[in-house]
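# Here's my sequence, what's the structure:
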Amino acid sequence: MRSIVTMSLAACAVAVASAAAVSTATFAQAPAPATPPAPPSAGGTPDAMPFDIPYGMSIGLERARQVMAAAEAEAKKRNWKMNIAVVDTNGELVQFERMEGAQIGGGQVSTGKARTAARFRRETRAFYNAFETGHPYVATLDPTLVASPGGFPLVDGGKLIGAVGCSGGTGDQDAAVCKAGADIMK
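Alright, predicted model coming up:
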């Protein structure tokens, strides 16, 4: 019995050793890996500063209520349950509403979208698009940045006065509701 076990172990050892030799020979003959592709172009240097909207006086409660009412009306018209946040120029909350039945987790998300839109003076879809096109550096800009559609800056008289953020649906649904709120500033 011992001789059968010893012979089986010896046969396994020979098989493993010859597989390792074949494997080493295969790797030795493999071509050298190609050089990695060059990183994508930065897109050149624009003449004008992008998203250069000057900051104005922060939105007050009355204007925030108007933005909220327009966004809520759009959501109700479409039968979408939304969380809607309006922030000032610093990204601090001025008004928040969670519609009946809206997902609870969307409260923080809507506030984060509004804060991102105010602090970076652009629609949050710009950050979403950057991630989608392979530019993950966006995550290094701010740990509270929300890169998802549904955050719009509020511009009055050419100056940024705050932002609105929505969450509860898809990114495009969130953006449609927020756009309705932002559009009353025009």
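
# Model confidence score at the residue lying closest to Arg119 once chain neighbours are set aside, please.
Among residues not flanking Arg119 along the chain, Gly91 sits closest, at 4.9 Å (CB to CB, 6 or more residues apart in numbering). C-betas here are computed from N, CA, C, even on glycine. pLDDT for Gly91: 95.

# got a list of what Gly91 touches?
The contact partners of Gly91, by CB atoms under 8 Å, 6 or more residues apart in numbering, come to 114-116, 118-119, 163.

# could I get those as TSV with neighbour count and pLDDT?
TSV is the format used below for those (neighbours: other CB atoms under 10 Å; pLDDT from 0 to 100):
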residue	neighbour count	pLDDT
Ala114	35	98
Arg115	25	97
Thr116	28	97
Ala118	29	97
Arg119	19	95
Ala163	34	98
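
# And the furthest pair within these?
Ala114 and Arg119 (9.6 Å; CB to CB).

# residues contacting the residue nearest the centre of the chain?
Per CA atoms, centre = their mean, the C-alpha nearest to the average position across the chain is that of Ala147, at 2.1 Å. If you count contacts by CB under 8 Å, 6+ apart, Ala147 has them with 116, 124, 127-128, 130-131, 138-139.

# which phi and psi does the closest residue to it other than its chain neighbours have?
Excluding the flanking residues, the one nearest Ala147 by CB to CB, 6+ apart is Phe127, at 3.6 Å. Per-residue torsions, Phe127: phi -70, psi -40 (degrees, to the nearest 10).

# Roughly how far does Phe127 sit from Asn79?
28 Å (CB to CB, to the nearest Å).

# Neighbour count for these two, which is higher?
The residue with more neighbours, out of Phe127 and Asn79, is Phe127; 25 against 6, by other CB atoms under 10 Å.

# rewinding a little: contacts only, for the residue nearest to Ala147.
Here Phe127 is in contact with 116, 120, 138, 145-148 (criterion: CB under 8 Å, 6+ apart).
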